[in-house]
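J.: Show me the folded form of this:
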Amino acid sequence: MVTILLVDDEGPLRQQLALLIRVRMSALDEEVEVHTAGNGIEGLQVFRRNPLVYALVISDLEMPHNNGLEMLKEIRAIRSDVPTLLLSATLPKAKVIQSSGVVDRVLDKAELVILGKILKEMLKL
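T.: Numbers count the residues shown, from 1 in each chain. Next up is the predicted model:
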C-alpha cells in the first residue's frame, strides 16, 4: 500500500486529482491511499501526524495560508527523504523553484495526462 499526501486549495480539483491518482495507481496494480488537505498549514498538520507513512507529497504551488513551497520546506525539515511533486499553472516560476532542492519534480497542471508515468517514476514502481 502506497500513501500519498495531496495538498491543493481548490476543492473540486483536489477531489479530481485524488481520483486520478487512484485510477493511475490501480492501472499499475498498486493500492493507494490518498490523504488530502486544503492548504499548506493543513497539509503540514496532516504530514506531522505520521510522517513516515508517506511515499510521496504532491502540492499545488499557489495556495493561501502557507504556499506549497513553504509547506514542502517544512516537510523536508521533518523528513528529508520524502519525494515531492509540485503542481503549478506558472511553470517557469516553478522550474526556478525546482532548482532550490526542496522539490524533486515540477508538473504543469496542463500535463496531468502524464501523472501515471510520473507516479511510477517517483515511487520507483
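
J.: Can you name every helix or strand that the strand or helix carrying Leu13 contacts?
T.: Using DSSP states H and E, Leu13 maps to helix 11-27. Packing contacts for helix 11-27, counted by 3 or more CB pairs under 8 Å, 6 or more residues apart in numbering; DSSP states H and E, involve strand 2-7, strand 32-37, helix 115-122. C-beta coordinates here come from the backbone N, C-alpha and C atoms, glycine included.

J.: how big is the angle separating the last one from strand 32-37?
T.: Relative orientation of helix 115-122 and strand 32-37, computed by axes from the mean of the first three to the mean of the last three CA atoms, to 10 degrees: 100 degrees.

J.: Average pLDDT for helix 115-122, rounded please.
T.: When pLDDT is averaged over helix 115-122, the result is 90.

J.: Let me know the next secondary structure element after the helix or strand of the chain with the lowest mean pLDDT.
T.: For the chain, the helix or strand with the lowest mean confidence is helix 91-98, at a mean of 61 (criterion: mean pLDDT, DSSP states H and E). Proceeding N to C from helix 91-98, the next assigned helix or strand is strand 105-108, under DSSP H and E.

J.: So for that following strand, what gets flagged as buried?
T.: 105-107 (16 or more other CB atoms under 10 Å).

J.: Report the buried residues of the helix holding Leu13.
T.: Residues 14, 17-18, 20-22, 24-25 are the ones in helix 11-27 that count as buried (16+ other CB under 10 Å).
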